[in-house]
Every structure is written in structure tokens, then in C-alpha cells.
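Undergrad: I'd like to go over a predicted model; first the sequence, then the structure.
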Amino acid sequence: MTRNEQARDRPPAGGDQGRDDDRDTYREFTDAVNMTPAELSRWLERDASKHVGWRKKGSQGGESVGHASGRRIVDLLRRKRADLTSADYRHMRKVVGYVHRHLAQRPSGDVRDTRWRWSLMNWGHDPLK
């Protein structure tokens, strides 16, 4: 990525509203993602992680959207907050939305070995924690 592309992707300078929104997004993201980068990385290596989730049309057995998101979440968690871009904050909002929607669809009974839990874990949230 060129410097111009990086600068274009950074939050706009000036104005407190953008910083407040980013602060809120960061807090919501860190509340929703309850797995550490190491836990999430280990989980993403497991077969169960690789076999759940929606795949984009035409991906023909490729990586699920949630699994790709999990890899990005690991990167976000390991980066310094000052290095996060506006695209990173957009992804954080996507993660928060997914986790909240998915939690609202919790099935009854024991969820320990369910695709529902595994899908959430791909997005960095273990509902059993």
C-alpha cells in the first residue's frame, strides 16, 4: 500500500466527533471480542473453525467470511491503537454487529459443540467465556 493510500484510509484529522466515534467503536469491539489473539489464532487452525460459516458466491470451498474476519481480528488485536485506519474501524463495527446479531439467535440447550458457537468464535467471541 502506498503512503497516499494509507493516508486516505486513516481517520480524518481534527474534530472530536471522529475520535469519539472511534473510541466508542474500539470499546464496543473489545467488549464483543472476548478471545485473545493467541486463543483466536489457535481456534482458526482447527478443522471446526474452517468448516463453518458463509462463503461468498463462487468461492468453491474457499475460506468463509467469518474465518477471514477472524484472521483480521487477530491482526487488529495485535496492532497499536494509533495505527488503526478507518477501514479497521469499519471492520470493528462489522464484528460488533455480527456478534450482537448472532448472540440474539442463541439456540436452546448446550451450545458447546455447535456450529453456532464455532461461527461466533471465528468472529472472536466465545459465548462460553
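TA: Sure thing, it's come through.

Undergrad: may I have stretch 79-88 as PDB, with CA atoms only?
TA: Provided in PDB are the C-alpha atoms of stretch 79-88 (Å, rounded to 0.1, in the frame of the first residue of the first chain):
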ATOM      1  CA  ARG A  79      -1.800  -3.600  16.400                       C
ATOM      2  CA  LYS A  80      -1.300  -0.400  18.300                       C
ATOM      3  CA  ARG A  81      -4.500   1.600  18.600                       C
ATOM      4  CA  ALA A  82      -2.700   4.600  17.000                       C
ATOM      5  CA  ASP A  83      -2.000   2.500  13.900                       C
ATOM      6  CA  LEU A  84      -5.700   1.600  13.200                       C
ATOM      7  CA  THR A  85      -7.200   3.000  10.000                       C
ATOM      8  CA  SER A  86     -10.700   4.000   9.100                       C
ATOM      9  CA  ALA A  87     -11.000   0.600   7.300                       C
ATOM     10  CA  ASP A  88     -10.000  -1.100  10.500                       C
END
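
Undergrad: now it: mean pLDDT?
TA: When pLDDT is averaged over stretch 79-88, the result is 95.

Undergrad: list the buried ones in that stretch?
TA: Neighbour-count burial for stretch 79-88 flags Leu84, Thr85, Asp88 (criterion: 16 or more other CB atoms under 10 Å). (Glycine included, C-beta is placed from N, CA and C.)

Undergrad: my read: the first one touches Asp75, true?
TA: Same thing as Leu84. No - the pair Leu84 / Asp75 is not scored as a contact, 10.3 Å apart, by CB atoms under 8 Å.

Undergrad: what about Arg23, how many neighbours?
TA: Applying other CB atoms under 10 Å, we find 12 other residues in the vicinity of Arg23.

Undergrad: and it, what's its pLDDT?
TA: As predicted, Arg23 sits at a pLDDT of 93.

Undergrad: any idea how far Ser49 is from it?
TA: 31 Å (CB to CB, to the nearest Å).

Undergrad: apart from its chain neighbours, what residue comes closest to Asp88?
TA: Leu76 (5.9 Å; CB to CB, 6 or more residues apart in numbering).
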